[in-house]
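Chemist: coordinates for the following, if possible.
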Amino acid sequence: MASVEMPAPMQMPQAREERVAAQVLVCLGPTFAEPGSTTGFRVIVPLLEALHARLADGPNGASPILLAHPALPSMPEERLRNDLVRSVAYTPASDARTMWLQTAADYRVARDLMVEHQCTCCLMLGAEAQDVAPDTLLAMIDTVLRGQADLAVPCYETEIDEALLNSALIYPLTRSIYGANVRMPLPVDLAMSARMCERMGQAAAKALPGALMWPIAEAAAAGFSLAEVASARRPDLQRGDIDLNGIIALIGSSIFSDVESKAQFWQRTRPLLEVKHIGQNAAITANKGAPDKAEANTLIDSFRLGYGNLHEIWALVLPPNSLLGLKKLSLMPVENFRMSNALWVRVVYDFLLAHRLRTINRGHLLGALTPLYLAWVATYVLECDTPDDAKKHVEALALAFEADKPYLVSRWRWPDRFNP
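Modeler: Coordinates of the predicted model:
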């Protein structure tokens, strides 16, 4: 599997002769810098005008909004009044494989601009932000400005067959580890208070510029307040030339490393964090109908191929009970094929432990996780016909992650108790 290269460090924003006193900083992501692109203008201009009007109704009146953009050559300055928006350009880190997600370099720039201009709230916008409803972004900003949350993230509606890596791994693992019931813990768009932005900037300073960041985990570890804003569906993001193996390697390695860095926090028993939920969101819709059951055949074939080729690697990572469960799974006919929640949870926890202990090369480890993930997806496709099915399936999985967390804690503290 090809390794994921980290981008070059991001250059800091160019100094301005006059500092801008702004209440809200809006940071546009690197995709806005594509040559000749006007991506985002359909939402940016109406959003800034609506935000300015909202701030004007507040007790302190409206101050100019600071717009940080990635050296955008086609910025329509004539449409932005000086008393409405002031802008500052920065040179983004460039990597087609990570530019669809916020990286450490983006958070560093946001923190520095927040400090320099004494902003109260930072709104970070990711790729394809032109299709995000302004009301969603305004609700996120309002939540932060009113002091109701230090971090506000959207909960986008999805089709049944979308965001499955989030449903299978990112969401349930984040919920069980950090006690944060936030449906999409790796946000593309988010709003932060000044202290949350400072926290993210400090964490980003310790990471490579192209590293992914986990704001939900940082907020949980710091004891900051969280909010989730219901939103309409966000369009699929373009991920450049990265394939499924690359996505699992990128996201899996990042979240596993983050969990390791916060081990002192999450090993202690704590109640679930209080999350302020704004709006009604079913999270999963049925606009495209049920998943195509025929796809399960391809997914199961990929798992069986992986079982034949990767069994020796799995044997270095997984305990005998899990290996036996995978053997039985490989022999099941398609109509009876089901990976239990308990088996998938143990697989994820044991891969997380192996990542920490460097049982094998981390790149090979995460590559060996892909066929196991496809087995989970095949089960999901076979069991979920409606949005209610999908929501129940994901909720049951999250509960299984929470119930088996003591296993992870025990293995983390005493890894020598089991040696595959």
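Chemist: just name the shakiest helix or strand of the protein by mean pLDDT.
Modeler: When each helix and strand of the chain is scored by mean pLDDT, DSSP states H and E, strand 284-285 comes last, with a mean of 65.
Chemist: what about Met192, which SS state?
Modeler: The three-state label given to Met192 by DSSP: H, G, I helix; E, B strand; the rest coil is strand.
Chemist: check Ala230 too.
Modeler: Applying three-state DSSP: Ala230 is strand.
Chemist: I figured it hits Met184, correct?
Modeler: No. With contact defined as Cβ atoms under 8 Å, Ala230 does not reach Met184; the gap is 11.4 Å. To be clear about C-beta, it is placed using only N, CA and C from the backbone, and glycine gets the same treatment.
Chemist: returning to what we had before: next helix or strand past the least confident helix or strand of the chain?
Modeler: helix 295-317 (DSSP states H and E).
Chemist: next SSE after that following helix?
Modeler: Next element after helix 295-317 (DSSP H and E): helix 320-331.
Chemist: tell me what angle that next one forms with helix 295-317.
Modeler: 150 degrees (axes from the mean of the first three to the mean of the last three Cα atoms, to 10 degrees).
Chemist: so for helix 320-331, mean pLDDT?
Modeler: Model confidence over helix 320-331, given as mean pLDDT, is 96.
Chemist: how far off centre is the helix or strand that it is followed by?
Modeler: Once helix 320-331 ends, the next helix or strand along the chain (criterion: DSSP H and E) is helix 341-357. In terms of Cα atoms, centre = their mean, to the nearest Å, the centre of helix 341-357 is set 20 Å apart from its chain centre.
Chemist: can you point out the buried residues in helix 341-357?
Modeler: Under the neighbour-count criterion of 16 or more other Cβ atoms under 10 Å, helix 341-357 has 341, 343-356 buried.
Chemist: packing partners of it?
Modeler: For helix 341-357, the packing partners by 3 or more Cβ pairs under 8 Å, 6 or more residues apart in numbering; DSSP states H and E come out as helix 171-178, helix 244-261, helix 295-317, helix 320-331, helix 362-383, helix 387-403, helix 405-413.
Chemist: mind listing residues that contact it?
Modeler: Helix 341-357 is contacted from outside by 168-169, 172-173, 252-253, 256-257, 259-260, 316-319, 321-322, 325-326, 329, 359-360, 362, 365-366, 369, 372, 375-376, 396-397, 400-401, 404, 407-408, 411-412, 415, using Cβ atoms under 8 Å, 6 or more residues apart in numbering.
Chemist: then stretch 187-195?
Modeler: 100-102, 110, 114, 119-127, 129, 132, 137, 140-141, 143-144, 149-154, 200, 215-216, 224, 234, 237.
Chemist: average pLDDT across that stretch?
Modeler: 95.
Chemist: ditto for stretch 346-358
Modeler: Averaging pLDDT along stretch 346-358 yields 97.
Chemist: can you check stretch 65-80 too?
Modeler: What stretch 65-80 shows for mean pLDDT is 64.
Chemist: same question for stretch 292-300.
Modeler: Computed over stretch 292-300, the average pLDDT equals 90.
Chemist: quick one: contacts of that stretch?
Modeler: Contacts of stretch 292-300 (Cβ under 8 Å, 6+ apart): Val334, Phe337, Leu374, Ala375, Val377, Ala378, Val381, Leu382.
Chemist: just the buried residues of the residues you listed.
Modeler: Buried, going by 16+ other Cβ under 10 Å: Phe337, Leu374, Ala375, Val377, Ala378, Val381, Leu382, out of the contacts of stretch 292-300.
Chemist: the fifth one and Tyr307, how far apart?
Modeler: Same thing as Ala378. 13 Å (Cβ to Cβ, to the nearest Å).
Chemist: surely Trp266 and Ile177 touch.
Modeler: Yes. Between Trp266 and Ile177 there is a contact under Cβ under 8 Å: 4.8 Å.
Chemist: hey, what's in contact with both of these two?
Modeler: What both Trp266 and Ile177 touch, as defined by Cβ under 8 Å, 6+ apart, is the set Val259.
Chemist: so which of these two has more stuff around it?
Modeler: Using other Cβ atoms under 10 Å as the criterion, Trp266 and Ile177 rank with Ile177 on top: 23 against 20.
Chemist: what sits against the nearest residue to Ala168 once chain neighbours are set aside?
Modeler: Closest residue to Ala168 apart from its sequence neighbours, by Cβ to Cβ, 6 or more residues apart in numbering: Trp376 at 5.1 Å. Contacts for Trp376 (Cβ under 8 Å, 6+ apart) come out as Ala168, Met339, Trp344.
Chemist: go on, Arg175?
Modeler: Asn181, Val182, Ala398, Phe401, Glu402.
Chemist: let me know the closest of the buried ones among the contacts of stretch 292-300 to Leu51.
Modeler: Val377 (39.3 Å; Cβ to Cβ).
Chemist: give me the number of residues near the closest residue to Leu329 other than its chain neighbours?
Modeler: In this structure, Leu329 finds its nearest non-sequential neighbour in Met339, 5.9 Å apart by Cβ to Cβ, 6+ apart. For Met339, the count of nearby residues is 23 (other Cβ under 10 Å).
Chemist: out of the contacts of helix 341-357, which end up buried?
Modeler: In the contacts of helix 341-357, the ones that pass as buried (16+ other Cβ under 10 Å) are 168-169, 172-173, 252-253, 256-257, 259, 317-318, 322, 325-326, 329, 359, 362, 365-366, 369, 372, 375-376, 397, 400-401, 404, 408, 411-412.
Chemist: no more questions from me, cheers.
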